[in-house]
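Participant: sequence and predicted model, in that order:
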Amino acid sequence: RGPLNLLINEAKKRYGITKKKDFTAQQMKKLAFAYRRIVEEHGIYVPEDPLMQLLDATGYVLESWNEPKANEFRRLMDISDAWGTSVLLQAMVFGNLSQESGTGVVFTSYPRRNLSRVTLWGDYTPGNQGEDIVGGVISTLPISIEQSEVDGRPKELSLEVCFPEIYHSLLKLSRHLIYEEHWNNQEIEFTFQGPSADSLYLLQTRDMVTAKQKDVPIFSQTPELAHSTLARGMGVYGGALSGLAVFNRENIEQLRKQYPDRVLILIRSDTVPEDISEISATEGLLTARGGQTSHASIVTIRLQKTCVVGCEAMVVSEAEGRCTIKNTVINVGDDISIDGRTGLILKGSHPTEQIDEF
């Protein structure tokens, strides 16, 4: 949504490509220099010396603790201002060397249920870097065959099938941490520079973010429901939810005044950390890109908001306040329904009933 996004979108149109990984090295070099010009126009000097670049980057990370978006995030997540932040320096590993490399985030258990066994769940993508996954700016592929079947996606594209050595290394490690070391279930970020097990690198790991759901709403089976399905994404959290479509802070404030008792569903192409205030101010989130381990997904679980991500059939025009799902246009204030269990997106508002997920 800023000048850098405009640059890359213009470059994609100019070169006739849809994904960042399809840029040639020369095209990406031109784009990098265009990025640099924009940054310097905003008063930020980029040094030539790699060591100075590293020191500057370290300073920016430390300073970020007191940025307004960080303060808002801590307030909503109930994190102490006194903790402070730190910087970890690591050698670079490359998930974008070729289509035989890649990156991903894996949960050691199915995030919607408290299972006693280790089962790998999450997102990966070949030919990309880790921030692309966490930022939710790309469409992702499933980790395991089991996940593919639950998500309704082709198992042939899963990490388990396409990169079996990487998958089994992650599974072995996860079993060791959970069964032998008795860790809590983990969320592990990884990159692999090739298809073999010795090309796998773990970037970081943390305890999984989980939230139990009881009395999950489902859509009642009505004649209208069967004819209202628009598309399907990936369900992250929550159940059936109907509400009014909003696309930005202005929409939220306007419709809250007009319809104070109505549910609001935020629709975005993707989300960034700055969007946490908009997410917290609505009851549901629907995105065109991203996976179950993206920033948007983790935040909505923590905030217990209904969330569906990765609806590739949707094109969002945030500035115009509308989105198009196949041939259907949804404008600001239109009724739309999402299902955080199944990933379904439906036109209109529909009645619900309760089930117990556990």
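Facilitator: Arrived safely. The structure displayed is predicted, hence computed values, not measured ones.

Participant: hmm, who's touching the lowest-mean-pLDDT helix or strand in the chain?
Facilitator: Scoring the helices and strands of the chain by mean pLDDT, DSSP states H and E places helix 130-134 at the bottom, with a mean of 74. Helix 130-134 is contacted from outside by 20, 95, 103-105, 123-125, 138, 140, 189, 191, 203, 291, 293-295, using Cβ atoms under 8 Å, 6 or more residues apart in numbering. (C-beta placed from N, C-alpha, C; glycine too.)

Participant: what's the first helix or strand after it?
Facilitator: Where DSSP states H and E defines the elements, the next helix or strand beyond helix 130-134 is strand 141-142.

Participant: so which elements touch that following strand?
Facilitator: Judged by 3 or more Cβ pairs under 8 Å, 6 or more residues apart in numbering; DSSP states H and E, strand 141-142 is in contact with strand 121-126, helix 159-162.

Participant: can we see that at 10 Å?
Facilitator: Using 3 or more Cβ pairs under 10 Å, 6 or more residues apart in numbering; DSSP states H and E, the elements in contact with strand 141-142 are strand 102-107, strand 121-126, helix 145-151, helix 159-162.

Participant: nearest to Ala319, out of those?
Facilitator: strand 121-126 (27.5 Å; Cβ to Cβ).

Participant: show me what contacts the residue nearest to the spatial centre of the chain?
Facilitator: By Cα atoms, centre = their mean, the chain has its centre lying nearest to Ser294, at 2.5 Å. Counting by Cβ atoms under 10 Å, 6 or more residues apart in numbering, Ser294 touches 105, 123, 132-138, 140, 234, 236, 270-271, 287, 300, 307, 309-310.

Participant: can you map out the helices along the chain?
Facilitator: Here the chain has its helices, by DSSP state H, at 3-15, 25-41, 50-63, 68-77, 130-134, 145-151, 159-162, 164-175, 223-226, 249-258, 276-280, 295-303.

Participant: quick revisit: any quick PyMOL command for the buried ones out of the contacts of helix 130-134?
Facilitator: Filtering the contacts of helix 130-134 down to the buried ones (16 or more other Cβ atoms under 10 Å) takes a single PyMOL command:
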select buried, resi 20+95+103+104+105+123+124+125+138+140+189+191+291+293+294+295
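
Participant: just to revisit the earlier point, need the helices and strands packed on strand 141-142 in JSON lines (columns: mean pLDDT and distance to Ala11).
Facilitator: Converted to JSON lines, those look like this (pLDDT from 0 to 100; distance: least, Cβ to Cβ, whole Å):
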{"stretch": "strand 102-107", "mean pLDDT": "94", "distance to Ala11": "22"}
{"stretch": "strand 121-126", "mean pLDDT": "92", "distance to Ala11": "20"}
{"stretch": "helix 145-151", "mean pLDDT": "89", "distance to Ala11": "31"}
{"stretch": "helix 159-162", "mean pLDDT": "97", "distance to Ala11": "28"}
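
Participant: still on that earlier bit, send the alpha carbons of the least confident helix or strand of the chain over as CSV?
Facilitator: The C-alpha trace of helix 130-134 is given here as CSV (Å, rounded to 0.1, in the frame of the first residue of the first chain):
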residue,chain,number,x,y,z
GLY,A,130,11.0,-16.3,4.8
GLU,A,131,9.5,-12.9,5.1
ASP,A,132,7.2,-13.6,2.2
ILE,A,133,5.5,-16.3,4.2
VAL,A,134,5.3,-14.4,7.5
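
Participant: to Asp334, which of the helices of the chain lies closest?
Facilitator: Among the helices of the chain, the nearest to Asp334 by Cβ to Cβ is helix 249-258 (10.9 Å).

Participant: now the strands for the stretch 251-358 of the chain?
Facilitator: For the stretch 251-358 of the chain, the strands defined by DSSP state E, counting those that start in this stretch occupy 264-268, 284-287, 306-309, 314-317, 322-325, 328-331, 335-339, 344-347, 352-355.

Participant: give me the mean pLDDT for the third one.
Facilitator: I take that to be strand 306-309. Confidence for strand 306-309, expressed as mean pLDDT, is 93.

Participant: just the helices and strands packed on strand 141-142: most buried one?
Facilitator: Mean neighbour count (mean count of other Cβ atoms under 10 Å) peaks for strand 102-107 among those, with a mean of 27.

Participant: neighbouring strands of it in the sheet, and parallel or not?
Facilitator: strand 121-126 (antiparallel), strand 186-192 (antiparallel) (DSSP bridges).

Participant: where does the protein have low pLDDT?
Facilitator: 1, 113-115, 135-137, 211-212, 273, 356-358 (pLDDT under 70).

Participant: could you give the backbone dihedrals for the residue nearest to the centre of the chain?
Facilitator: The phi/psi pair for Ser294 (degrees, to the nearest 10) reads phi -70, psi 170.

Participant: for Leu286, grab the count of nearby residues.
Facilitator: 29 (other Cβ atoms under 10 Å).
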